[in-house]
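1. here you go, sequence then predicted model.
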Amino acid sequence: MEMPREFAERPYQREARQAIEQEFASRDTTIIEMATGLGKTEIFTQLMDRWGGRCLVAAPLITLVGQAARKIQSRTGVMPGIEQASLWSDETPMSRSRFVVASKDSLIAGDPKRYTRIKNIGLVIIDECHLSITSSWKELIDHFREQGAKILGVTATARRHDQRAMSQVYESCCYQYGIVEATRDGWLVPARTKTVQLKTLDLKGITSSRRNVFGTDFSLTELRRRLEDSRTILEISEVTARETEDIKTVIYCASVNEAKEVAERLEDTHGINAGWICADTSRCPETQRRLVLDGFAHGDITHVCNVGILTTGWDFPGLECIVMARPTRSLSLYTQIFGRGTRPLPGTVDFDNSTPMTRKKAIANSDKSSFLMIDLVDASLQHKIRTSVDVMAGTDDEEIIQRAKQFVAESTEDRVEVDEAVREARAIIKARRDEEARIQRAKLDVYAEYRMVDVDPHGKPTGEVKFPKRGARFVFGRYKGWLVKETPTWYLTSCQNGRPRISMPWLSKAIDREMDFRNGG
């Protein structure tokens, strides 16, 4: 059955789904890596609708369970069963749904595990699969594989930085479409960036920890202690108030105390309507969290300070600015946070016969032509803190990344386009590398000329040994490689007149000597 127009797959979504179907012809497990805002849920929902058998979606967060269930119902017309806490999917053969959406914690609860009651599953979707490299997840996945199910992992960040390879569970990654490519193709909103040094923040001596699910990062205990310094709180609040004005802004913090104090200072000192939330329900009950996020959605609150939440499973296209007030070394964590700002406003890029150029033009003319990413870094700039350049550089060349970061930090512009910073870095480094390569080639041309000849086993030459003629040679231009004494007079005269300009003293002297000889000097 043809999908309604508003549900039509985007070209890359169709490509991803087809890649999955093709991969499952020879493998049991695979993943797709796709940037936040590109519709991973759309892809696996369409895959499930075409599957023909029962499907299970397993998600690590309660919010993701609700999102997936609503999407499946709206796209397929089928109400999925829910397996979460006190909610149990109907597993009686006559009334069970084709689809089940479950929270991972509920599935692995009990003895026997709750997942054992869910039967006849042919396809399992693991949402946010970068979090699934644990023994409990692996047991769940192995159970369904033994029952004959195919396993699909979906994520925005397949690369884990705790060195625990995704290959422990998944056989392949069959499709990737990242932030850089999607932004250039006009599906995501471009970023403007600003790096601000906090003069009171010093991260020297801070240790690293591998306990974060996103991999190696600063020790959270030490990071919290330094960010909770009253002078640093003052700086974070001042920068946020000055740079974000009245635009919808989320401030990512490292601790509840930091989030609360920044929100209070924004309100008390700057008159900004701010709220704070955290993942710990004992300190921030669900009712408070809902109240703050509803206020943010309706415009009553313009700034939300949060910790441990709004990283995965939160979609708010109206977000205009992100303030990174918890420095991180984890590219996975930073990418997840950065991706919260890249969604275009609904309806902006989905229209008939769109192209990258027309989509980018539509974004530029919309009420959200870009979003602002403010990176707060320490005073030394000597630590490998992730910034928007790490995400948007489109290269693994560390020299280019660091030069672009320096360009952003030193820029006198109010805000810098990330692409502009990367282009500037590429141009500077390319020019330097090209000059180094030219000098090296010149040295080789002048000093490494020789000709090899074959010699028979008895030491007799098989051909005449020809030694290169000695003398200065041109290392560039029309007569590159020619001896000066064999070069036409008109060209030597042109060189003496500065066309082309000779910057090597030894070559200029050789030309002058040859011209003196030819002139009878």
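-> Yes, it's here. Residues are numbered from 1 along each chain as shown.

2. shaky segments in the stretch 1-150 of the chain?
-> Residues of the stretch 1-150 of the chain that meet the criterion pLDDT under 70 lie in 1-7.

3. ok, now the stretch 351-500 of the chain?
-> In the predicted model, the stretch 351-500 of the chain carries pLDDT under 70 at residues 380-383, 412, 442-469.

4. is it true that Leu376 touches Ile385?
-> No: at 9.1 Å, Leu376 and Ile385 do not qualify as touching, with contact defined as Cβ atoms under 8 Å. From N, CA and C alone the C-beta is placed, and that goes for glycine too.

5. what's the longest helix belonging to the chain packed up against?
-> Taking DSSP state H as the criterion, the chain has its longest helix at helix 418-447. With contacts defined as 3 or more Cβ pairs under 8 Å, 6 or more residues apart in numbering; DSSP states H and E, helix 418-447 has these neighbours: strand 191-198, helix 388-392, helix 398-410.

6. 7 Å instead, please
-> Where contact means 3 or more Cβ pairs under 7 Å, 6 or more residues apart in numbering; DSSP states H and E, helix 418-447 is packed against helix 388-392, helix 398-410.

7. re the thing from before, more neighbours, Leu376 and Ile385?
-> Neighbours were counted for Leu376 and for Ile385 using other Cβ atoms under 10 Å; Leu376 has more, 25 against 20.

8. distance of the more buried one relative to Ser237?
-> 11 Å (Cβ to Cβ, to the nearest Å).

9. and Ile121, by the same measure?
-> Distance, Ile121 to Ser237, by Cβ to Cβ: 50 Å.

10. domains of this structure?
-> Per the record, the chain has its domains at 6-177, 184-392, 449-518, by automatic domain parsing.

11. for burial, what's the neighbour tally of Ala241?
-> Neighbour tally, Ala241, other Cβ under 10 Å: 18.

12. what's the closest non-adjacent residue to it?
-> Using Cβ to Cβ, 6 or more residues apart in numbering and skipping residues adjacent in sequence, the residue nearest Ala241 is His270, 4.1 Å away.

13. one more: Gly318?
-> Lys248 (5.7 Å).

14. tell me, how many residues neighbour that neighbour?
-> Around Lys248 there are 20 other residues, counting by other Cβ under 10 Å.

15. go on, Ala8?
-> Neighbours of Ala8 using other Cβ under 10 Å come to 12.

16. buried stuff in the strand or helix carrying Tyr175?
-> Using DSSP states H and E, Tyr175 sits in strand 173-177. Within strand 173-177, the residues scored as buried using 16 or more other Cβ atoms under 10 Å are Cys173, Cys174, Tyr175, Tyr177.

17. residue boundaries of the strands in the stretch 151-300 of the chain?
-> Using DSSP state E, counting those that start in this stretch, the strands of the stretch 151-300 of the chain run over 173-177, 191-198, 208-209, 217-218, 249-252, 274-278.

18. columns mean pLDDT and distance to Ala85 on top of those, output as a markdown table?
-> Listed next are the strands of the stretch 151-300 of the chain as a markdown table, based on pLDDT from 0 to 100; distance: least, Cβ to Cβ, whole Å:
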| stretch | mean pLDDT | distance to Ala85 |
| --- | --- | --- |
| strand 173-177 | 92 | 32 |
| strand 191-198 | 89 | 38 |
| strand 208-209 | 72 | 31 |
| strand 217-218 | 80 | 30 |
| strand 249-252 | 97 | 28 |
| strand 274-278 | 95 | 21 |
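
19. for Gln496, find the nearest of these.
-> strand 191-198 (50.9 Å; Cβ to Cβ).

20. show me what that closest one is packed up against.
-> For strand 191-198, the elements it packs on are helix 230-244, strand 371-378, helix 388-392, helix 398-410, strand 416-417, judged by 3+ Cβ pairs under 7 Å, 6+ apart.

21. on that earlier part again, among the helices and strands packed on helix 418-447, which is the most enclosed?
-> Mean neighbours per residue, mean count of other Cβ atoms under 10 Å, is largest over these for helix 388-392, with a mean of 25.
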